[in-house]
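Undergrad: Could you work out the structure for the sequence below:
(one chain, ligands or ions: 1)
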Amino acid sequence: MSNAKSLIVGNWKMNGLRADLKEIEAVADSIQQNSFNGDVVICPPATLAALAVDKTVQSPLKIGGQDCHAKEAGAFTGDISAEKWKDLGAEYVIVGHSERREYYREDDKAVRAKSAAVIRAGLTPIICIGESLEERRAGNTLAVVSEQISGSIPEEAKSSPIAIGYEPIWAIGTGLTPSIEEIAEAHSLIRAELEKLLGTSGSTTPILYGGSMKPSNAKEILAIDDVDGGLVGGASLKSKDFLEIIASF
Ligand code: PEP
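TA: Alright, predicted model coming up:
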């Protein structure tokens with residue numbers, strides 16, 4: 001465990017209807033009763049976010065966005081700015097998720113601009129990085145991750161909080177996970193790169209592991225040095241699974 005704040009984030013992606021808000025309420029109730037030393041965040045689809053904030057405002061559970069536009073406002077149909085997330089009551093915004101990088105062709109430069117926008121709005125960006133299976137097989141994991149760190153983290157991160165989500169793309173939604181040694185190696189490289197880039201704040205930046213985290217593997221993964229929390233997709237949709245992951249930390 002590093003000196004960073006502990007952080008568990010549920011990414012609901014494009015899942016969940018109003019009827020599923022009860023899962024968010026169950027997480028909020030539970031962490032209120034069994035206080036967690038750190039932050040627990042759920043990033044529901046934008047359609048549920050305002051309702052989720054209303055239902056959790058009295059609890060320690062935080063609501064986050066899954067993406068944002070780099071500009072503050074304007075003619076960008078369908079987009080949501082970081083300032084809009086702030087206005088809603090969100091505290092975190094995921095940026096550069098591999099699904100955004102792949103399906104919307106977001107490169108490091110775009111992710112950097114979005115991260116800066118989140119900081120500008122006074123929120124914390126959760127900046128996602130991670131290698132593809134081809135990159136891992138070619139032995140390029142560490143090089144890819146280093147390049148994404150220097151390309152995606154904005155200057156503003158030297159004086160404002162950010163979090164990093166390390167998510168090997170091939171582990172997302174597949175049930176596959178890297179070995180404990182592989183996760184430890186990647187996280188310790190990320191820590192060293194953050195310290196190089198951000199100085200002392202690099203040693204307190206939370207580094208989350210993401211990719212098929214579930215109740216059965218969370219305890220072992222979350223015990224690794226420099227794993228400060230998790231970015232959880234599928235297993236965050238049901239409060240029972242998500243709470244088991246939180247409890248195992
Ligand atoms: C994710 O997409 O951020 C993720 C980690 O998904 P899953 O947990 O379902 O692999």
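Undergrad: Tell me which residues touch the one residue in the chain that gets nearest to the ligand, please.
TA: Nearest residue of the chain to the ligand, counting by C-beta to the nearest ligand atom: residue 233, 2.2 Å away. Yep, even glycine has a C-beta here, placed from its N, CA and C like the rest. With contact taken as C-beta atoms under 8 Å, 6 or more residues apart in numbering, residue 233 is in contact with 10, 11, 13, 172, 173, 210.
Undergrad: let's see it at 10 Å
TA: Going by C-beta atoms under 10 Å, 6 or more residues apart in numbering, residue 233 touches 9-13, 15, 97, 99, 167, 172-173, 210-214.
Undergrad: The ligand contacts on the chain?
TA: The chain has residues 11, 167, 172-173, 210-213, 231-235 near the ligand, with proximity defined as C-beta under 6 Å from any ligand atom.
Undergrad: Now flag whichever of these is closest to residue 88.
TA: Among the residues of the chain next to the ligand, residue 11 lies closest to residue 88 (C-beta to C-beta), at 16.9 Å.
Undergrad: measure that closest one to residue 196 for me?
TA: Noted for residue 11: a distance of 28 Å to residue 196, by C-beta to C-beta, to the nearest Å.
Undergrad: Just want to know which of those two has more residues nearby.
TA: residue 11 (26 against 12; other C-beta atoms under 10 Å).
Undergrad: So that one sits against residue 66, correct?
TA: Yes - using C-beta atoms under 10 Å, residue 11 is in contact with residue 66, at 6.4 Å.
Undergrad: what sits in contact with each of these two?
TA: With C-beta under 10 Å, 6+ apart, residue 11 and residue 66 have common neighbours 43, 44, 94, 97, 99, 126.
Undergrad: distance of the fourth one from residue 26?
TA: Spelled out, it's residue 97. On the measure of C-beta to C-beta, residue 97 and residue 26 end up 25 Å apart.
Undergrad: isn't residue 209 right up against residue 245?
TA: No - using C-beta under 10 Å, residue 209 makes no contact with residue 245, being 11.2 Å away.
Undergrad: Common neighbours of those two, please.
TA: Residues touching both residue 209 and residue 245 (C-beta under 10 Å, 6+ apart): 217, 218, 221, 222, 229, 230, 232.
Undergrad: Including neighbour count, distance to residue 3 and pLDDT, could those residues go into CSV?
TA: Below are these laid out as CSV (neighbours: other C-beta atoms under 10 Å; distance: C-beta to C-beta, whole Å; pLDDT from 0 to 100):
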residue, neighbour count, distance to residue 3, pLDDT
217, 16, 25, 97
218, 23, 21, 98
221, 24, 19, 98
222, 21, 16, 97
229, 28, 13, 98
230, 28, 18, 98
232, 26, 23, 98
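Undergrad: Now for these: which two are most distant?
TA: Across those (C-beta to C-beta), the longest gap, 14.3 Å, separates 217 and 229.
Undergrad: Okay, helices next: where are they in this structure?
TA: 21-33, 46-56, 82-88, 98-103, 108-120, 133-137, 141-152, 180-198, 215-222, 239-247 (DSSP state H).
Undergrad: ok, and what's touching the fourth one?
TA: Surrounding helix 98-103, the residues in contact under the criterion C-beta under 10 Å, 6+ apart are 11, 13-14, 66-67, 94, 97, 106-108, 110-111, 114, 128-132, 148, 152, 165, 167-170, 172-173, 210-211, 233.
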